[in-house]
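Visitor: Have a look at this prediction, sequence included:
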Amino acid sequence: MRKWGKVGTGIVITTIVMSMTGCGGSSATTSSSNVPKVTETNKAQFLQDADKFKGADATLQGKVFIGTKNIGDMTAFQMQVDNHNVVVNLNGQNADIKENDFVEVTGRVQGVMEGTNAFGAKISAPVIQLESVKKIDPLSVLSPTIKSLQVDKTLDQHGLSLTVNKIDFAKDEQRVYITIKNGTQNKAYFFVFEAKAVQDGQQLDSKISDHVIDAKETYKEIPSDLLPGVSANGVIVFKGLSPDKPFKLTLSAHTDDFETNFNPYTFDIPVAK
């Protein structure tokens, strides 16, 4: 492991401020055909022992938690990849990224940066020499879709319609994308917390996603009341649904015309192939 002299700029790994030592920042690292490319398959091994991958090409996705700063003679930003800190050496490039962006970085493994935290414990971080960076959908990092089912089913009662557009199945949650359209002359009401799914005899209630803050544009809130002629889109989240089994999805909506009866909107959702 190469070390650099200590520099004045602090570096953060999760919430720990570090004074760093490490390897020189601006010199290019040549590609090595003797080391495997860093992929999803061996990413965990790379994060634990990046020195073994020095010179390897790498593509990593993560969240920027420290924006561009000078670290010794290197200009870099820091990102979290599977709860590991990775330092991205800009190598003279300009990167239009900022804290809390989700990015995909392509580059070459430069080595390992080593330092000590505020308690004197030694902590290290891999260094990637940047070739390119692009912003990506936060959910591709936080909760990637394993299977997606295009449903496109609409149920209508008295001019108030609900449409299930698609369902994305991730490991930790399932995202149901719906549209509600109030084609009546009355105010309509819809409550997300009344949504229920039944699969294999088990009832599941809707949940709040763990990723709402980071991916708020995806988790568009469905308004609880809609004026006549108004349509709205949104996402309902469940946890525990399998894409490999059919299930029933029940949604509730009605208008303020209490002389008109509205039954639950029940959708038969097939297996996601």
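Guide: Great, that's in hand. Numbering: from 1, shown residues only.

Visitor: Every contact and neighbour count from this point should use C-alpha atoms.
Guide: Noted.

Visitor: Identify the residues contacting residue 57.
Guide: 31, 36-38, 106-109 (Cα atoms under 8 Å, 6 or more residues apart in numbering).

Visitor: what two of those residues have the greatest distance between them?
Guide: Pairwise distances across the contacts of residue 57 peak at 14.7 Å for 36 and 106 (criterion: Cα to Cα).

Visitor: Flag the least confident of the contacts of residue 57.
Guide: Lowest pLDDT within these is found at residue 31 (57).

Visitor: quick revisit: more crowded one of residue 36 and residue 106?
Guide: Taking neighbours as other Cα atoms under 10 Å, residue 36 and residue 106 compare with residue 106 leading, 19 against 15.

Visitor: Excluding chain neighbours, what is closest to the more buried one?
Guide: residue 59 (4.4 Å; Cα to Cα, 6 or more residues apart in numbering).

Visitor: how many other residues sit next to the one you found?
Guide: Residues near residue 59, counting by other Cα under 10 Å, number 20.

Visitor: Contacts only, for it.
Guide: The contact partners of residue 59, by Cα under 8 Å, 6+ apart, come to 38-39, 104-107.

Visitor: before we move on, what about residue 256?
Guide: Contacts here follow Cα under 8 Å, 6+ apart; on that basis residue 256 touches 186-189.

Visitor: Which residue ranges of the stretch 1-150 of the chain form strands?
Guide: For the stretch 1-150 of the chain, the strands defined by DSSP state E, counting those that start in this stretch cover 10-13, 16-21, 57-71, 74-81, 84-89, 102-116, 122-135, 145-157.

Visitor: These: lowest mean pLDDT?
Guide: With a mean of 39, strand 16-21 has the lowest mean pLDDT of the strands of the stretch 1-150 of the chain.

Visitor: so how far is residue 62 from residue 132?
Guide: 14 Å (Cα to Cα, to the nearest Å).

Visitor: List of residues touching stretch 262-269?
Guide: Residues from elsewhere that reach stretch 262-269 (Cα under 8 Å, 6+ apart): 151, 153, 155, 157, 162, 246-254.

Visitor: Which of those residues fall within strands?
Guide: Using DSSP state E, the members of the contacts of stretch 262-269 that fall within strands are 151, 153, 155, 157, 162, 247-251, 253-254.

Visitor: Got a PyMOL select line for the buried ones in these?
Guide: Buried subset of the ones in strands among the contacts of stretch 262-269, written as a PyMOL selection, criterion 16 or more other Cα atoms under 10 Å:
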select buried, resi 151+157+162+247+248+249+251+253+254
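
Visitor: can you count the residues close to the closest residue to residue 70 other than its chain neighbours?
Guide: By the measure of Cα to Cα, 6+ apart, the closest residue to residue 70 outside its immediate chain neighbours is residue 76, 6.3 Å from it. Using other Cα under 10 Å, the number of residues around residue 76 comes to 25.

Visitor: for residue 109, same thing?
Guide: Count around residue 109 with other Cα under 10 Å applied: 30.

Visitor: Give the bridge partners for it, please.
Guide: residue 128 (DSSP bridges).

Visitor: pretty sure it is touching residue 56, no?
Guide: Yes - between residue 109 and residue 56 there is a contact at 5.4 Å, judged by Cα atoms under 8 Å.

Visitor: now, which of the contacts of stretch 262-269 sits nearest residue 197?
Guide: Comparing the contacts of stretch 262-269 against residue 197 with Cα to Cα places residue 249 closest, at 4.5 Å.
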